[in-house]
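Student: predicted model, plus sequence, below.
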Amino acid sequence: MIPYGRQDISDQDIQAVLEVLQSDFLTQGPAVPRFEAAAIAHCDAKFAVAVNSATSALHIACMALDLGPGDILWTVPNTFVASANVGLFCGADVDFVDIDPATYCMSVTALAEKLEAADQIGRLPKVLIPVHFAGQSCDMRAIAELAQKYGVRVIEDASHAIGARYLDQPVGNCAYSDICVFSFHPVKIITTAEGGLATTNDPKLAERMQLHRSHGVTRDPKLMDQASEGGWYYQMVELGYNYRMTEMQAALGVTQFERLDAFVARRNLLAKRYDELLTDLPVICPVQNPDNYSAFHLYPIQVENRAQVFAQLRENGIGVNVHYIPVHTQPYWKARGFEEGDFPNSESYYARAISIPLYFGLSEGDQDKVIEEIARATKVI
């Protein structure tokens, strides 16, 4: 089976993890700060906060922005459920903005219309989470202009987009957002097995996220309400969680970062080759905004008779997947009042979407096999 995605682990990665296992620290040691420093250097951001998953990163980002009961969070339906769920974790209401039918990212037009309507009825969101789907950045400059106009805070969900660029700047530099979040799940661009990270340029937001990832506990005298009683002393100054990243995860992430540019370049090469090889087949290929350099976490195509094509590809050794079932159509969210038909672009895309194999180690021979089976499944050969 050719998988739709998989990690690439080198001997250097393995050695880095072994060195941690043989060290004095398995958690809360020097590897996590090194990993954060690597992210800061790559993203050209001022601060980075590493955690145990991108969901945790999104959650502490929302908490740092004081999202809570009575507030509203907006994201897109075309995402994993976590992008919306974190709003509920904070007690906020959640709504969605439909996607652009070409890029599958948040539609700036739909956002502008929805913000104007929300402003008229006094129901503006406090937090907006645009999702950089498949590795391609949303049009963040336009989104930031709208957010500033209406006083909305922005968290970029860049779970798919470490290594991507927008307007020739690295995704994660927070030029157009308050916070940017990444995922390091094994099928992502680089991996820490499980893990996430948030970047920001605001020291107060960084400080609060650092607190929220570790029970809200601090030993920092400037955050305490009284002088320390001794070297053992700490205070819980906020309600937080145990979202810490382990040293093993961070050590793996440090060495993975060293190959990030190579990983993304290879994905772009393979994506361009897909563009060429799929030209004469009855599929719709993903469109790239010229302002972007995608990390190409996914290569989603659209086909007719998706269920039949999907099943045939799986039967013939092509490990395709689908990203994503629109969040608002999930039973839990339908019970909260959403209905099919609410966000037609997301639903139309989903009805035809298949993510085909794309990862650093995918050979051209295997890619040719993928094309051959797509052609056969779509009845061309």
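Tutor: Yep, it's here. Source: prediction; values computed, not measured. Residues are numbered from 1 along each chain as shown.

Student: from here on, contacts and neighbour counts on C-alpha atoms
Tutor: OK.

Student: who touches Ala227 in this structure?
Tutor: Neighbour list for Ala227: Pro221 [criterion: Cα atoms under 8 Å, 6 or more residues apart in numbering].

Student: and the pLDDT for Gly253?
Tutor: On the pLDDT scale, Gly253 is placed at 98.

Student: which residue ranges of this protein form helices?
Tutor: 11-21, 31-43, 54-64, 82-89, 108-121, 140-150, 203-212, 247-257, 260-277, 306-315, 331-334, 344-352, 364-377 (DSSP state H).

Student: by contact count, what packs against the fifth one?
Tutor: Contact here means 3 or more Cα pairs under 8 Å, 6 or more residues apart in numbering; DSSP states H and E; on that basis helix 108-121 packs against helix 140-150.

Student: what pLDDT, on average, does the helix it packs on get?
Tutor: Here the average pLDDT along helix 140-150 is 98.

Student: okay, angle between it and helix 108-121 too, please.
Tutor: 10 degrees (axes from the mean of the first three to the mean of the last three Cα atoms, to 10 degrees).

Student: mind listing what's buried in helix 140-150?
Tutor: The neighbour-count check on helix 140-150 (16 or more other Cα atoms under 10 Å) flags Met140, Ile143, Ala144, Leu146, Ala147, Tyr150 as buried.

Student: contact partners for Lys182?
Tutor: Lys isn't right for residue 182; it's Phe. By Cα under 8 Å, 6+ apart, the neighbours of Phe182 are Ala54, Ala57, Asp157, Ala158, Ser159, His160, Ala161, Ile162, Gly196, Leu197, Ala198.

Student: burial of the closest residue to it other than its chain neighbours, as a residue count?
Tutor: Distance criterion Cα to Cα, 6 or more residues apart in numbering; nearest residue to Phe182, sequence neighbours excluded, is Ser159 at 4.1 Å. Number of residues near Ser159 (other Cα atoms under 10 Å) recorded here: 28.

Student: give the contact list for Ser159.
Tutor: Ala54, Val131, His132, Val181, Phe182, Ser183, Phe184, Lys188.

Student: tell me the pLDDT at it?
Tutor: At Ser159, pLDDT is 98.

Student: Lys379 too?
Tutor: 86.

Student: tell me how many other residues crowd it.
Tutor: Lys379: 11 neighbours (other Cα under 10 Å).

Student: and it, how far from Phe96?
Tutor: 37 Å (Cα to Cα, to the nearest Å).

Student: what distance do you get for Leu197 to Asn52?
Tutor: 8 Å.

Student: cool, Tyr176 as well?
Tutor: On the measure of Cα to Cα, Tyr176 and Asn52 end up 25 Å apart.

Student: ok, now Tyr359?
Tutor: Distance from Tyr359 to Asn52, by Cα to Cα: 23 Å.

Student: good, we can wrap up now.
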